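> just the structure for this:
(one chain, ligands or ions: 1)
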Amino acid sequence: MIEVEHLSKTYGSTTAIRDITFGAQPGEILGFLGPNGAGKTTTMRILAGYLPASEGTARVAGYDVHSDSMAVRQRIGYLPESPPLYPDMTVQGFLNFVAKIKGVPADLRQKRADIAMDHCGLIDKRKVLIRKLSKGYRQRVGIAQAIIHDPPVIILDEPTVGLDPRQINEVRQLIKGLAGSHTIILSTHILPEVSMTCDRVTIINRGQVVATDTPDNLTTRLSGESAYELEIKGDVDRAQRLLRELSPVRQVTLLGLEHLPEYHHRLRVSAEADRGLGGAIAAALVNAGLELHELRRQQATLEDVFLNLTTTEPATGPTAPPEAFAELPTIEPAPDESEA
Ligand SMILES: Nc1ncnc2c1ncn2[C@@H]1O[C@H](COP(=O)(O)OP(=O)(O)OP(=O)(O)O)[C@@H](O)[C@H]1O
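Okay, the predicted model is just below:
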């Protein structure tokens, strides 16, 4: 349903995405996960037909986003990071208006608005001015405008950002309810979002795809990786040095001090593979005269996968971020040809 091949985008001297390839099957929710500045929004705007790629191709339902941009727009519902809403319109008035500019025939507009409001839990708010809605409800209106023309593909850029936990849960349920009959790409840098909502996840870092798989497979793939959490008493700098010298160790992180007695410290050690790591940690610390109070092995989590795949040297990534970058100014902005 969505095929992205060797896509690249440069803004002047900044490479935002570099040679990325991934796809989404009909009916699935694909999470597009990456840290800030990884290139998620850039990719989504290219897919939605709002930004030209520098190289590569992207197809939606078989249509090329560049050469068949109108056909693609009819088949895509796009929720940008900042949803373009008109605050002085009522929910219903706004949705009717969006239906019109998206080319929904006049006799179908009210029906489509009703369906979208129903999907998004907005029936009670239909007569309310958008500016009087809470952020969570505005986000629902943003999703409703994205699905108003019944597109088979929905692209949601950080749909839960800025919402409170209850609103996040409601929006997640709403997105899940849309899957099956729609193919959804959901960009986020929130890990639980991916495990709770997505069938598969593509992880992007510094403009490049570093993994695509189910959340489960990604964590299983790392089953060879091992992590331990430990509590010591004494010289924590020395402990960290000793642990970093152990051959399989990749990272040693100092954790928070909450609820710890004086002079106690908590550390997390991760390594390529276990290879007797627990014993080696214990021996290294105890032989150096440090008190080891606790040593616990941890299972790999999606967070481990994410940190593992996105903690890289800054040398090959995009260049310095620009002062500011363009937000969508209108409901249906013209394709952005500017290379800021
Ligand atoms: N209009 C623009 N002009 C110049 N550089 C840009 C522009 N838009 C994005 N960039 C740069 O391209 C890179 C990727 O940005 P993008 O917004 O796609 O990342 P993102 O993964 O969506 O980040 P976030 O999670 O912070 O929204 C960043 O280095 C960003 O500064």
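> can you tell me what sits against the helix or strand containing Ala144?
Per DSSP states H and E, Ala144 falls inside helix 135-147. Residues outside helix 135-147 that contact it (Cβ atoms under 8 Å, 6 or more residues apart in numbering) are 77-79, 83-85, 91, 94-95, 98, 113, 116-117, 119-122, 125, 130, 133, 154-156, 159-160, 162-164, 166-167, 170-171, 174-175, 178, 182, 331. Placement of C-beta: from N, CA and C, glycine included.
> identify those among the residues you listed that sit within strands.
Judged by DSSP state E, the subset of those located in strands is Gly77, Tyr78, Leu79, Ile154, Ile155, Leu156.
> quick one: the helices in the stretch 1-150 of the chain, in order.
Along the stretch 1-150 of the chain, counting by DSSP state H, counting those that start in this stretch, helices occupy 40-47, 69-75, 91-101, 106-119, 135-147.
> with distance to Thr212 added, can I get the ones you listed in JSON lines?
Putting the helices of the stretch 1-150 of the chain into JSON lines (distance: least, Cβ to Cβ, whole Å) gives the following:
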{"stretch": "helix 40-47", "distance to Thr212": "13"}
{"stretch": "helix 69-75", "distance to Thr212": "22"}
{"stretch": "helix 91-101", "distance to Thr212": "32"}
{"stretch": "helix 106-119", "distance to Thr212": "28"}
{"stretch": "helix 135-147", "distance to Thr212": "24"}
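> how near is the residue of the stretch 101-250 of the chain found nearest the ligand to Ala227?
Relative to the ligand, the nearest point of the stretch 101-250 of the chain is His189 (5.3 Å; Cβ to the nearest ligand atom). Using Cβ to Cβ, to the nearest Å, we find His189 at a distance of 21 Å from Ala227.
> more neighbours, these two?
Between His189 and Ala227, counted using other Cβ atoms under 10 Å, the more crowded position is Ala227 (22 against 18).
> part of a strand, is that one?
Yes - the assignment for Ala227 by DSSP: H, G, I helix; E, B strand; the rest coil puts it in a strand.
> for it, list the residues it contacts.
Arg268, Val269, Ser270, Ala271, Arg297, Gln298, Ala300, Asp304.
> tell me the pLDDT at it?
We have a pLDDT of 83 for Ala227.
> one step back: any of the contacts of Ala227 buried? List them.
Arg268, Val269, Ser270, Ala271, Ala300, Asp304 (16 or more other Cβ atoms under 10 Å).
> okay, and the beta partners of the second one?
Spelled out, it's Val269. Applying DSSP bridges to Val269 gives these bridge partners: Tyr228, Val252.
> what does the stretch 51-200 of the chain put close to the ligand?
When proximity is defined by Cβ under 6 Å from any ligand atom, the stretch 51-200 of the chain lies next to the ligand at His189.
> and if we set it to 8 Å?
Within the stretch 51-200 of the chain, the positions near the ligand by Cβ under 8 Å from any ligand atom are Glu81, Asp157, Glu158, Ser187, His189.
> burial of the closest residue to the third one other than its chain neighbours, as a residue count?
Going back to what we said before, that points to Glu158. Of all residues not flanking Glu158 in the chain, Glu81 sits nearest, at 5.3 Å (Cβ to Cβ, 6 or more residues apart in numbering). Each residue near Glu81 was counted by other Cβ under 10 Å, and the total is 18.
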